[in-house]
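In: Please find the sequence and the predicted model below.
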Amino acid sequence: MVKLFQNIIEFLFPPACPLCDAPVSLHGELCAECWTSFDWIDSPKCMRCGYPFADDSQLSEVVLCHVCAAGKCELEWIRSACVYDTVSRGAMLPFKHGGKIKYARFMARAMIWALRDINVDADIVMPVPLARRRLFKRGYNQATLLARPIARAMGVRMDLDSVRRKYRDDMGHKNARERTENIRGVFSVVDTNKIRGRKILLVDDVMTSGATFSELRRVLIRAGAKAVYGVTFCRVTRAV
Ligand SMILES: [Zn+2]
Ligand SMILES: [Zn+2]
(Lines give C-alpha, C1' and ligand atoms only; values in the text may rest on other atoms or scores of the structure.)
(Ligands and ions follow the chains in the order given, each with its own letter.)
Protein backbone atom coordinates (compact mmCIF):
# COMPACT_ATOMS: atom_id res chain seq x y z
CA MET A 1 0.00 0.00 0.00
CA VAL A 2 2.81 2.36 0.93
CA LYS A 3 4.60 1.39 -2.27
CA LEU A 4 1.49 2.06 -4.36
CA PHE A 5 1.07 5.45 -2.72
CA GLN A 6 4.71 6.21 -3.39
CA ASN A 7 4.32 5.22 -7.04
CA ILE A 8 1.34 7.56 -7.45
CA ILE A 9 3.24 10.43 -5.84
CA GLU A 10 6.24 9.79 -8.08
CA PHE A 11 3.99 9.72 -11.13
CA LEU A 12 2.35 13.01 -10.20
CA PHE A 13 5.60 14.72 -9.29
CA PRO A 14 8.38 14.15 -11.81
CA PRO A 15 11.83 13.53 -10.32
CA ALA A 16 13.62 16.66 -9.14
CA CYS A 17 16.96 17.20 -7.45
CA PRO A 18 16.23 17.18 -3.70
CA LEU A 19 18.59 20.11 -3.14
CA CYS A 20 17.78 22.53 -5.98
CA ASP A 21 14.64 21.14 -7.69
CA ALA A 22 16.31 20.82 -11.10
CA PRO A 23 14.83 17.95 -13.17
CA VAL A 24 16.69 14.62 -12.82
CA SER A 25 16.11 11.14 -14.23
CA LEU A 26 15.58 9.30 -10.95
CA HIS A 27 13.70 10.19 -7.77
CA GLY A 28 15.99 11.21 -4.93
CA GLU A 29 19.00 11.66 -7.18
CA LEU A 30 21.10 14.83 -7.23
CA CYS A 31 21.48 16.90 -10.39
CA ALA A 32 24.98 16.97 -11.91
CA GLU A 33 25.68 20.44 -10.58
CA CYS A 34 24.77 19.59 -6.97
CA TRP A 35 26.59 16.27 -7.21
CA THR A 36 29.87 17.91 -8.23
CA SER A 37 29.63 20.51 -5.46
CA PHE A 38 30.28 17.83 -2.79
CA ASP A 39 33.82 16.76 -1.89
CA TRP A 40 33.31 12.99 -2.36
CA ILE A 41 35.99 10.83 -0.80
CA ASP A 42 37.60 8.81 -3.54
CA SER A 43 41.17 7.49 -3.55
CA PRO A 44 43.69 7.93 -2.06
CA LYS A 45 42.49 7.28 1.46
CA CYS A 46 43.40 5.37 4.60
CA MET A 47 42.45 1.74 4.02
CA ARG A 48 41.21 1.42 7.55
CA CYS A 49 39.36 4.58 8.55
CA GLY A 50 38.80 6.05 5.08
CA TYR A 51 40.55 9.31 5.93
CA PRO A 52 41.25 11.09 2.62
CA PHE A 53 44.89 11.81 1.78
CA ALA A 54 45.73 15.07 0.05
CA ASP A 55 47.56 13.40 -2.83
CA ASP A 56 48.98 10.12 -4.14
CA SER A 57 52.48 10.83 -2.87
CA GLN A 58 51.47 9.79 0.65
CA LEU A 59 50.29 6.48 -0.70
CA SER A 60 53.50 5.00 -2.11
CA GLU A 61 53.99 2.57 0.78
CA VAL A 62 51.65 3.80 3.47
CA VAL A 63 48.02 2.81 3.21
CA LEU A 64 47.15 3.80 6.77
CA CYS A 65 46.79 7.30 8.17
CA HIS A 66 48.93 8.15 11.20
CA VAL A 67 46.01 7.56 13.60
CA CYS A 68 45.39 4.03 12.33
CA ALA A 69 49.12 3.32 12.02
CA ALA A 70 49.37 4.13 15.74
CA GLY A 71 46.58 1.61 16.41
CA LYS A 72 44.13 4.29 17.51
CA CYS A 73 41.34 3.75 14.98
CA GLU A 74 37.92 3.80 16.63
CA LEU A 75 36.52 0.84 14.68
CA GLU A 76 37.63 -2.13 12.57
CA TRP A 77 37.04 0.11 9.57
CA ILE A 78 35.12 3.29 8.73
CA ARG A 79 33.96 4.77 5.45
CA SER A 80 32.42 8.17 4.75
CA ALA A 81 30.94 9.39 1.49
CA CYS A 82 32.19 12.97 1.61
CA VAL A 83 34.13 15.58 3.52
CA TYR A 84 32.28 17.79 6.02
CA ASP A 85 32.44 21.25 4.45
CA THR A 86 30.06 24.13 3.74
CA VAL A 87 28.27 22.12 1.03
CA SER A 88 27.69 18.94 3.04
CA ARG A 89 26.91 21.02 6.12
CA GLY A 90 24.31 22.87 4.05
CA ALA A 91 22.60 19.55 3.37
CA MET A 92 23.17 17.97 6.80
CA LEU A 93 21.56 20.66 8.92
CA PRO A 94 18.14 20.71 7.21
CA PHE A 95 18.26 16.91 7.00
CA LYS A 96 18.91 16.61 10.71
CA HIS A 97 16.93 19.51 12.14
CA GLY A 98 14.69 20.84 9.36
CA GLY A 99 12.64 17.82 8.41
CA LYS A 100 14.31 17.39 5.00
CA ILE A 101 14.10 13.62 5.26
CA LYS A 102 13.95 13.32 1.48
CA TYR A 103 17.73 13.83 1.47
CA ALA A 104 18.12 10.34 2.94
CA ARG A 105 17.92 8.75 -0.49
CA PHE A 106 20.91 10.40 -2.10
CA MET A 107 22.89 10.33 1.13
CA ALA A 108 22.34 6.59 1.65
CA ARG A 109 23.17 5.93 -1.98
CA ALA A 110 26.45 7.83 -1.58
CA MET A 111 27.21 5.85 1.59
CA ILE A 112 26.69 2.56 -0.26
CA TRP A 113 29.10 3.89 -2.89
CA ALA A 114 31.59 4.68 -0.09
CA LEU A 115 31.58 0.99 0.87
CA ARG A 116 32.54 -0.16 -2.64
CA ASP A 117 36.15 -1.11 -1.81
CA ILE A 118 35.20 -3.16 1.24
CA ASN A 119 33.95 -6.71 1.57
CA VAL A 120 31.19 -5.87 4.06
CA ASP A 121 30.44 -8.95 6.15
CA ALA A 122 28.23 -7.28 8.78
CA ASP A 123 25.17 -9.19 9.90
CA ILE A 124 23.47 -6.24 11.62
CA VAL A 125 23.08 -2.62 10.52
CA MET A 126 22.65 -0.31 13.50
CA PRO A 127 21.92 3.42 13.32
CA VAL A 128 23.67 5.29 16.13
CA PRO A 129 20.84 5.56 18.67
CA LEU A 130 19.30 8.88 19.65
CA ALA A 131 18.23 9.59 23.22
CA ARG A 132 14.46 9.16 23.59
CA ARG A 133 13.94 12.76 24.59
CA ARG A 134 15.72 13.97 21.46
CA LEU A 135 13.88 11.47 19.27
CA PHE A 136 10.57 12.66 20.66
CA LYS A 137 11.46 16.30 20.01
CA ARG A 138 12.85 15.79 16.51
CA GLY A 139 10.36 13.14 15.43
CA TYR A 140 12.95 10.97 13.71
CA ASN A 141 16.47 9.65 14.01
CA GLN A 142 18.34 10.83 10.93
CA ALA A 143 20.75 7.88 11.27
CA THR A 144 17.82 5.44 11.01
CA LEU A 145 16.70 7.08 7.76
CA LEU A 146 20.19 6.44 6.35
CA ALA A 147 20.54 2.94 7.81
CA ARG A 148 17.28 1.59 6.38
CA PRO A 149 18.22 1.72 2.66
CA ILE A 150 21.74 0.51 3.48
CA ALA A 151 20.40 -2.52 5.38
CA ARG A 152 18.00 -3.19 2.52
CA ALA A 153 20.78 -2.99 -0.07
CA MET A 154 22.92 -5.37 1.99
CA GLY A 155 20.01 -7.71 2.76
CA VAL A 156 20.69 -7.70 6.50
CA ARG A 157 18.64 -6.91 9.59
CA MET A 158 18.47 -3.41 11.02
CA ASP A 159 18.71 -3.24 14.80
CA LEU A 160 16.89 -0.33 16.44
CA ASP A 161 16.35 -1.47 20.00
CA SER A 162 19.29 -3.44 21.38
CA VAL A 163 21.12 -0.31 22.52
CA ARG A 164 19.70 2.64 24.45
CA ARG A 165 21.17 6.11 24.72
CA LYS A 166 20.88 8.44 27.69
CA TYR A 167 20.15 12.12 27.15
CA ARG A 168 23.16 14.41 27.34
CA ASP A 169 23.80 18.00 26.37
CA ASP A 170 24.57 18.71 22.74
CA MET A 171 28.13 17.98 21.61
CA GLY A 172 28.01 20.81 19.06
CA HIS A 173 30.60 23.14 20.51
CA LYS A 174 32.79 20.69 22.37
CA ASN A 175 36.37 19.79 21.52
CA ALA A 176 37.59 16.20 21.06
CA ARG A 177 38.46 15.63 24.73
CA GLU A 178 35.17 17.12 25.96
CA ARG A 179 33.28 14.96 23.46
CA THR A 180 34.94 11.82 24.78
CA GLU A 181 34.07 12.77 28.37
CA ASN A 182 30.53 13.78 27.44
CA ILE A 183 29.76 10.54 25.58
CA ARG A 184 31.23 8.18 28.18
CA GLY A 185 28.54 5.90 29.60
CA VAL A 186 25.63 7.13 27.45
CA PHE A 187 25.04 3.84 25.66
CA SER A 188 23.77 0.67 27.25
CA VAL A 189 23.03 -2.67 25.63
CA VAL A 190 19.53 -3.81 26.58
CA ASP A 191 19.56 -7.10 24.70
CA THR A 192 22.95 -8.81 24.62
CA ASN A 193 21.46 -11.86 22.83
CA LYS A 194 21.07 -9.78 19.69
CA ILE A 195 24.63 -8.46 19.93
CA ARG A 196 26.71 -11.45 21.00
CA GLY A 197 28.81 -12.93 18.20
CA ARG A 198 27.56 -10.38 15.65
CA LYS A 199 29.43 -8.15 13.23
CA ILE A 200 27.80 -4.75 13.39
CA LEU A 201 27.82 -1.91 10.88
CA LEU A 202 27.11 1.40 12.66
CA VAL A 203 25.49 4.15 10.62
CA ASP A 204 25.59 7.86 11.38
CA ASP A 205 25.17 11.11 9.47
CA VAL A 206 28.49 12.69 10.38
CA MET A 207 31.71 11.59 12.04
CA THR A 208 33.30 14.40 14.02
CA SER A 209 35.95 13.22 16.48
CA GLY A 210 34.99 9.55 16.36
CA ALA A 211 34.13 9.65 20.08
CA THR A 212 30.57 8.43 19.55
CA PHE A 213 31.66 5.45 17.44
CA SER A 214 34.43 4.67 19.87
CA GLU A 215 32.12 4.63 22.90
CA LEU A 216 29.42 2.65 21.13
CA ARG A 217 32.02 0.10 20.03
CA ARG A 218 33.22 -0.23 23.61
CA VAL A 219 29.78 -1.26 24.91
CA LEU A 220 29.06 -3.50 21.91
CA ILE A 221 32.34 -5.39 22.25
CA ARG A 222 31.74 -5.74 25.98
CA ALA A 223 28.32 -7.23 25.15
CA GLY A 224 30.04 -9.82 22.95
CA ALA A 225 30.00 -8.24 19.46
CA LYS A 226 32.57 -9.82 17.16
CA ALA A 227 33.38 -6.73 15.09
CA VAL A 228 32.18 -3.14 14.78
CA TYR A 229 32.38 -1.14 11.55
CA GLY A 230 31.09 2.31 10.65
CA VAL A 231 29.76 4.30 7.73
CA THR A 232 28.76 7.98 7.71
CA PHE A 233 27.58 10.43 5.08
CA CYS A 234 30.32 12.95 5.86
CA ARG A 235 33.29 13.33 8.12
CA VAL A 236 35.22 16.16 9.66
CA THR A 237 38.77 15.92 8.34
CA ARG A 238 40.64 18.45 10.45
CA ALA A 239 40.22 16.40 13.64
CA VAL A 240 42.75 13.73 12.62
ZN1 LIG B 1 20.59 20.08 -7.76
ZN1 LIG C 1 43.05 5.79 9.22
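Out: Yes, it's here. Ligands and ions are numbered 1, 2, ... in the order given.
In: So which residues on this structure come close to ligand 2?
Out: Neighbours of ligand 2 within the chain, by Cβ under 5 Å from the ion: 46, 48-49, 51, 65, 68. Glycine gets a C-beta too; all of them are placed from N, C-alpha and C.
In: After the lowest-mean-pLDDT helix or strand in the chain, which helix or strand is next? Please name it.
Out: The helix or strand of the chain with the poorest confidence is helix 2-12; it has a mean of 72 (mean pLDDT, DSSP states H and E). Using DSSP states H and E, the helix or strand that follows helix 2-12 towards the C-terminus is helix 32-37.
In: what's the spacing between the closest residue to Y103 other than its chain neighbours and E178?
Out: Leaving aside its sequence neighbours, Y103 sits nearest to F95 (Cβ to Cβ, 6 or more residues apart in numbering; 4.3 Å). Per Cβ to Cβ, to the nearest Å, F95 is found 25 Å from E178.
In: quick one, which of those two is more surrounded?
Out: F95 (22 against 13; other Cβ atoms under 10 Å).
In: thinking the residue nearest to Y103 is in contact with A143, fair?
Out: No. Taking contacts as Cβ atoms under 8 Å, F95 lies outside contact range of A143: 10.8 Å.
In: Spell out which residues are contacts of both of those two.
Out: Common contacts of F95 and A143, defined by Cβ atoms under 8 Å, 6 or more residues apart in numbering, comprise D205.
In: for ligand 1, what are the nearby residues on the protein?
Out: So far as Cβ under 5 Å from the ion goes, the chain lies against ligand 1 at 17, 19-20, 22, 31, 34.
In: what about F106, how many residues close to it?
Out: Other residues close to F106 by other Cβ under 10 Å number 24.
In: distance of V231 from ligand 2?
Out: Distance, V231 to ligand 2, using Cβ to the ion, to the nearest Å: 14 Å.
In: hmm, back to that, would you list the residues of the chain next to ligand 1 in CSV and tack on distance to H173?
Out: CSV is the format used below for those (distance: Cβ to Cβ, whole Å):
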residue, distance to H173
C17, 32
L19, 27
C20, 30
A22, 35
C31, 34
C34, 29
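In: ok, and the most crowded of those?
Out: L19 (21 neighbours).
In: tell me the contacts of it?
Out: Applying Cβ under 8 Å, 6+ apart, we find L19 in contact with 30-31, 34, 91, 103.
In: how far is the least confident helix or strand of the chain from where the chain is centred?
Out: 28 Å (Cα atoms, centre = their mean, to the nearest Å).
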